[in-house]
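Novice: What follows is a protein structure lacking sequence information:
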Ligand code: AMP
């Protein structure tokens with residue numbers, strides 16, 4: 001595996017590969033890698049000749065400095081994991097190289113309301129930061145294919161919207177959520193959970209699954225949302241939102257919810273001091 005820390009070094013390597021018409025797949029990550037991240041890398045390896053994974057804890061998408069400060073960082077282990085699955089290139093840039101002084105890397109995109117609710121409402125500026133860093137990475141790497149996790153459902157829609165609005169020539173592939181045995185979605189933040197909270201954290205996935213059963217039985221989405229918020233309000237757990245939305249527009253479902261082809265439930269829950277998110281399609285396929 002090749003390791004690059006500088007933009008110009010990565011670009012010279014990729015330019016040489018492109019002369020040979022090699023297709024490039026790209027996976028942006030913030031590190032502290034787990035099997036979920038590696039499933040994106042493996043998917044890219046099976047669909048491209050060169051797979052580039054980046055590790056960069058992007059300061060512009062954190063709306064709280066305390067969250068940025070305690071975000072887990074394990075670069076040595078991450079590189080071992082990437083090499084083990086056969087990743088071709090690891091890219092670990094510095095903040096100064098991603099956002100060089102004097103470069104205009106700011107980006108304002110019209111997300112058509114996709115950023116109005118859920119993570120967008122709870123974390124002001126978060127998606128502007130995500131769009132900014134993904135655009136900068138895409139300019140640098142210029143991959144054929146970009147791999148994003150379904151775990152961050154709203155994020156992958158935002159990135160697709162950015163690519164549409166800016167008319168960029170990249171395909172986004174959304175990869176299903178990898179879960180622990182008890183159903184908890186894998187996340188770099190899971191290592192911050194204390195033992196007791198970790199044991200109870202499967203409640204997010206259990207509630208999402210129960211919501212699916214309730215929707216199939218004909219319960220109204222609004223009633224399911226109210227039920228789910230209550231079900232997840234447990235000692236040590238504080239749900240922030242549980243929203244059943246149209247899977248394309250992320251808008252609340254209309255009264256005739258049966259008209260929505262793709263219905264997704266998304267949730268964010270404070271578990272101890274750790275904020276976890278998860279989602280599940282309740283009807284239809286992505
Ligand atoms: P992060 O390092 O959290 O920014 O995640 C990097 C990429 O990995 C994003 O596209 C995430 O959606 C994706 N990802 C994170 N956790 C999972 C998971 N459990 N399953 C699949 N993809 C994931």
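Specialist: That came in fine, so what should we check first? If you're wondering where the values come from, they're calculated on a predicted model, not measured in any experiment.
Novice: Quick check: mean pLDDT of stretch 104-115?
Specialist: Mean pLDDT, computed over stretch 104-115, is 90.
Novice: End to end on it, go ahead and measure it.
Specialist: Between the start and the finish of stretch 104-115 there is a gap of 23 Å, counting by Cα to Cα, to the nearest Å.
Novice: cool, and stretch 56-67?
Specialist: Terminal residues of stretch 56-67 lie 15 Å apart, using Cα to Cα.
Novice: Determine whether any part of it lies close to the ligand.
Specialist: No: when contact is scored as Cβ under 6 Å from any ligand atom, no part of stretch 56-67 falls within range of the ligand; the minimum is 8.2 Å. Any C-beta I mention is one placed from the backbone N, CA and C, and that applies to glycine too.
Novice: In that stretch, which residues are buried?
Specialist: Within stretch 56-67, the residues scored as buried using 16 or more other Cβ atoms under 10 Å are 56, 57, 58, 60, 61, 62.
Novice: for stretch 206-221, same thing?
Specialist: Within stretch 206-221, the residues that qualify as buried are 207, 208, 211, 212, 214, 215, 221, counting by 16+ other Cβ under 10 Å.
Novice: Repeat that for stretch 228-248.
Specialist: 228-229, 231-232, 237, 239-247.
Novice: Next: stretch 163-175.
Specialist: In terms of neighbour count (16+ other Cβ under 10 Å), stretch 163-175 has its buried residues at 163, 170, 172, 174, 175.
Novice: Span of it from start to end?
Specialist: Distance between the two ends of stretch 163-175: 18 Å, counting by Cα to Cα.
Novice: Keep only the buried residues of stretch 163-175 that also lie close to the ligand.
Specialist: Contacts with the ligand within the buried residues of stretch 163-175, as defined by Cβ under 6 Å from any ligand atom: residue 175.
Novice: Am I right that residue 11 sits in a helix?
Specialist: Yes: according to DSSP: H, G, I helix; E, B strand; the rest coil, residue 11 belongs to a helix.
Novice: Give the burial count for it, as a bare number.
Specialist: Neighbour count of residue 11, defined by other Cβ atoms under 10 Å: 14.
Novice: How confident is the prediction for it, by pLDDT?
Specialist: Looking at residue 11, its pLDDT stands at 97.
Novice: Check the gap between the nearest residue to it once chain neighbours are set aside and residue 9 for me.
Specialist: Take residue 11 and drop its neighbours on the chain: the residue closest to it by Cβ to Cβ, 6 or more residues apart in numbering is residue 140, 6.5 Å away. Taken as Cβ to Cβ, to the nearest Å, the spacing of residue 140 relative to residue 9 amounts to 11 Å.
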